[in-house]
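Enquirer: No letters, just coordinates:
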């Protein structure tokens, strides 16, 4: 018997030890408690003219008859069609049985054999890759370093991420990647000292998109702290790189970050770039379904969760060779101490990346917003029943929409697809956003989540108190010498963004701690992001970001020139903490 046959038999999901002819029966009849099988069988035969077949010790009968003729007979508890089961696809890779996260995600359950998916280029923006690894080398379409030298991974982080996504499947070697059709575009952005420049990250993202990336995995991040501008690491350069990718049809997936370098653990805000528009933010889950303390929480920018501990994947062979006695050379059981075993949101994100690649492999014409909507809608809600006692029903700050479900996402392609968003990407709510205008000379009134906006062209706009976490933009048309817009957000107070100098800025500055402010914004128009409360397709979406830094460093959602890296759990030991960086050298760390 072949190795594949043995594996297949091991995962047979339904085996019934019954007479051979019973498999042909169309209907199964369940017996009521205490009912005599012989009496029920006689009643079935009288009603149908067909003699039923017993199912051994099971209290049920099989009969080749229409279910409608059997319901209501004495002793019959239920009637159902003879449903079929099939073998689930089982990779032959020898370490695949230890990839518990693949089982948790139902990574292969949608297929009976390796699926015929279209090739999908997937960018891994990370520490590089083991270029000669036998499980990875055939999957590399292109590789480039943005920090000098080659894309060879000397740390291990990037090779772990790449293996989760694209290790060769069903080749009798090592592990099984979760995206069988992925072609890797590897961009090395981690410098020899372990630091990550946003300049390198942004250049890498643009390079990958220009080389055909349909999915971009960013398992790195910078601290987001809306309450403290000096710690927040928002980068306009990073934001523009993400927008470039999305506008060209790429799905961007990022880890929400680990809290070991945040002011406290757990940290309540997702890292950048997970907290940027259109990015699918991924948090971590433990084996028991709970949310680990290191995984950042965020009620808005945490979208889905995936396993983030005890991850088995590929690892640079030059590093595993230091443990020569270890049997699994080139894989994480032989990794260096900081990655044995790997844990962190860095390794949850590539699992979602793989699902996105599979969706695009099956339906290459999907738009990024359709892919992320499918992944979010098919996630399994995390609750106390699934192991997350802290998670409320529905979307929560711990797991977003819930646990990643690869098979559920693929099955969703057979039903109605989420509509494309005709006005995306517009989440920056800036000059390119789809706008709502007040009619000339009239009053406009719009409600959003309890806040009422009142305005008259040529008059002031007034913002009444709104629930915590909401954000709106009050924009004004450009006048001579003016740039930007007056921005206003609620949460921990009102904060100034790029409002032009004048009465509006002074009014907002003077009332920064108040819950409402009166702005002198003449000829005002309201630009409200249509997805602030709900996306156009009815699916709850992100709140609109407000993150345009101004010379005073005021910000509502994280703009600020003070930069602190969020050195996260897996490789934080090798990344020196630098409390302040110049504005053009924002730092990121692997998560």
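Expert: In hand now; what should we look at? Model, not experiment: these values are computed from the prediction. Numbering: from 1, shown residues only.

Enquirer: All the strands of the stretch 1-150 of the chain, in order from the start?
Expert: 27-31, 53-54, 60-63, 76-81, 120-126, 140-145 (DSSP state E, counting those that start in this stretch).

Enquirer: For residue 329, which of these is the nearest?
Expert: Among the strands of the stretch 1-150 of the chain, the nearest to residue 329 by Cβ to Cβ is strand 140-145 (19.6 Å). Using the backbone N, CA and C atoms, a C-beta is placed for each residue, glycine as well.

Enquirer: Return the list of strands paired to that closest one, each annotated with direction.
Expert: Paired neighbours of strand 140-145 in the sheet (DSSP bridges): strand 182-188 (parallel).

Enquirer: Report the angle between the partner strand and strand 120-126.
Expert: 30 degrees (axes from the mean of the first three to the mean of the last three Cα atoms, to 10 degrees).

Enquirer: and strand 182-188, what's its mean pLDDT?
Expert: Mean pLDDT, computed over strand 182-188, is 98.

Enquirer: Just give the number of residues close to residue 114.
Expert: Neighbours of residue 114 under the rule other Cβ atoms under 10 Å: 14.

Enquirer: Tell me, how many residues neighbour residue 361?
Expert: Neighbours of residue 361 under the rule other Cβ under 10 Å: 20.

Enquirer: so it sits in a helix?
Expert: Yes - counting by DSSP: H, G, I helix; E, B strand; the rest coil, residue 361 is part of a helix.

Enquirer: Correct me if wrong: it contacts residue 122.
Expert: No - the criterion here is Cβ atoms under 8 Å, and residue 361 misses it with residue 122 at 10.2 Å.

Enquirer: Mutual contacts of those two, please.
Expert: Taking Cβ atoms under 8 Å, 6 or more residues apart in numbering as the contact rule, the neighbours common to residue 361 and residue 122 are residue 179.

Enquirer: Tell me the pLDDT of residue 441.
Expert: For residue 441, the pLDDT comes out at 36.

Enquirer: Number the chain from 626, please
Expert: Got it, first residue is 626 now, which makes that one residue 1066.

Enquirer: can the strands of the stretch 626-775 of the chain go into CSV with extra columns for mean neighbour count and mean pLDDT?
Expert: Output for the strands of the stretch 626-775 of the chain, formatted as CSV (neighbours: other Cβ atoms under 10 Å; pLDDT from 0 to 100):
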stretch, mean neighbour count, mean pLDDT
strand 652-656, 21, 92
strand 678-679, 16, 90
strand 685-688, 23, 92
strand 701-706, 15, 92
strand 745-751, 29, 98
strand 765-770, 18, 98
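
Enquirer: With distance to residue 1024 added, can I get the ones you listed in a markdown table?
Expert: Conversion of those to a markdown table gives the following (distance: least, Cβ to Cβ, whole Å):
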| stretch | distance to residue 1024 |
| --- | --- |
| strand 652-656 | 37 |
| strand 678-679 | 46 |
| strand 685-688 | 39 |
| strand 701-706 | 34 |
| strand 745-751 | 24 |
| strand 765-770 | 32 |
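
Enquirer: so which of those comes closest to residue 729?
Expert: With Cβ to Cβ as the criterion, residue 729 lies closest to strand 745-751 of these, at 20.8 Å.

Enquirer: Who does the closest one pair with, and is each partner parallel or antiparallel?
Expert: For strand 745-751, pairing defined by DSSP bridges yields strand 807-813 (parallel), strand 840-843 (parallel).

Enquirer: deepest of those strands, which one?
Expert: Among these, ranked by average contacts under mean count of other Cβ atoms under 10 Å, first place goes to strand 840-843 (a mean of 33).

Enquirer: Contacts made by that one with the rest, please.
Expert: Outside strand 840-843, the residues within contact range by Cβ under 8 Å, 6+ apart are 745-751, 786, 790, 807, 826, 830, 833-834, 870, 875-880, 898-899, 904, 974-975, 978, 981-982, 985.

Enquirer: domain assignment for this protein?
Expert: 628-706, 734-1037, 1069-1152 (automatic domain parsing).

Enquirer: Between the ones you listed, which one is closest to residue 1216.
Expert: For residue 1216, the closest of the domains of the chain is domain 734-1037, at 3.9 Å, according to Cβ to Cβ.

Enquirer: Need the distance between the two termini of that closest one.
Expert: Using Cα to Cα, to the nearest Å, one end of domain 734-1037 lies 14 Å from the other.

Enquirer: before we move on, the earlier item: quick one, which of the strands of the stretch 626-775 of the chain is nearest to residue 722?
Expert: With respect to residue 722, and counting by Cβ to Cβ, the nearest of those is strand 745-751 at 24.7 Å.

Enquirer: which residues of the stretch 626-775 of the chain score low on pLDDT?
Expert: 626-650, 710-713 (pLDDT under 70).

Enquirer: could you redo the last one with a cut-off of 50?
Expert: 626-649 (pLDDT under 50).

Enquirer: All the helices of it, in order from the start?
Expert: 628-635, 662-673, 725-729 (DSSP state H, counting those that start in this stretch).

Enquirer: Touching stretch 733-742 from outside, list them.
Expert: Under the contact criterion Cβ under 8 Å, 6+ apart, stretch 733-742 has outside partners 711-716, 727, 794-795, 801, 805-806, 983, 986-987, 1031-1032, 1035-1036.

Enquirer: Highest mean neighbour count out of the domains of the chain?
Expert: Of those, domain 734-1037 is the most buried (mean count of other Cβ under 10 Å), at a mean of 23.

Enquirer: Any idea which helix or strand in the protein has the lowest mean pLDDT?
Expert: strand 1150-1152 (a mean of 30; mean pLDDT, DSSP states H and E).

Enquirer: What is the helix or strand following that one packed up against?
Expert: As assigned by DSSP states H and E, the chain's next helix or strand after strand 1150-1152 is strand 1212-1215. If contacts are counted by 3 or more Cβ pairs under 8 Å, 6 or more residues apart in numbering; DSSP states H and E, strand 1212-1215 sits against strand 821-822, helix 823-835, strand 845-846.

Enquirer: Now tabulate these in TSV and tack on mean pLDDT and distance to residue 759.
Expert: TSV is the format used below for the helices and strands packed on strand 1212-1215 (pLDDT from 0 to 100; distance: least, Cβ to Cβ, whole Å):
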stretch	mean pLDDT	distance to residue 759
strand 821-822	96	28
helix 823-835	98	24
strand 845-846	94	26
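
Enquirer: quick one: which of these is nearest residue 690?
Expert: It's helix 823-835; of these, that one is closest to residue 690 (Cβ to Cβ) at 59.5 Å.

Enquirer: and the angle from that closest one to strand 807-813?
Expert: Here the directions of helix 823-835 and strand 807-813 differ by 150 degrees (the same axes, to 10 degrees).

Enquirer: Give me the packing partners of helix 823-835, helices and strands only.
Expert: Contacts defined by 3+ Cβ pairs under 8 Å, 6+ apart place helix 823-835 against strand 745-751, strand 807-813, strand 840-843, helix 861-872, strand 1212-1215.

Enquirer: Any chance of JSON lines for those, columns distance to residue 1044?
Expert: Listed next are those as JSON lines, based on distance: least, Cβ to Cβ, whole Å:
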{"stretch": "strand 745-751", "distance to residue 1044": "22"}
{"stretch": "strand 807-813", "distance to residue 1044": "27"}
{"stretch": "strand 840-843", "distance to residue 1044": "21"}
{"stretch": "helix 861-872", "distance to residue 1044": "17"}
{"stretch": "strand 1212-1215", "distance to residue 1044": "34"}
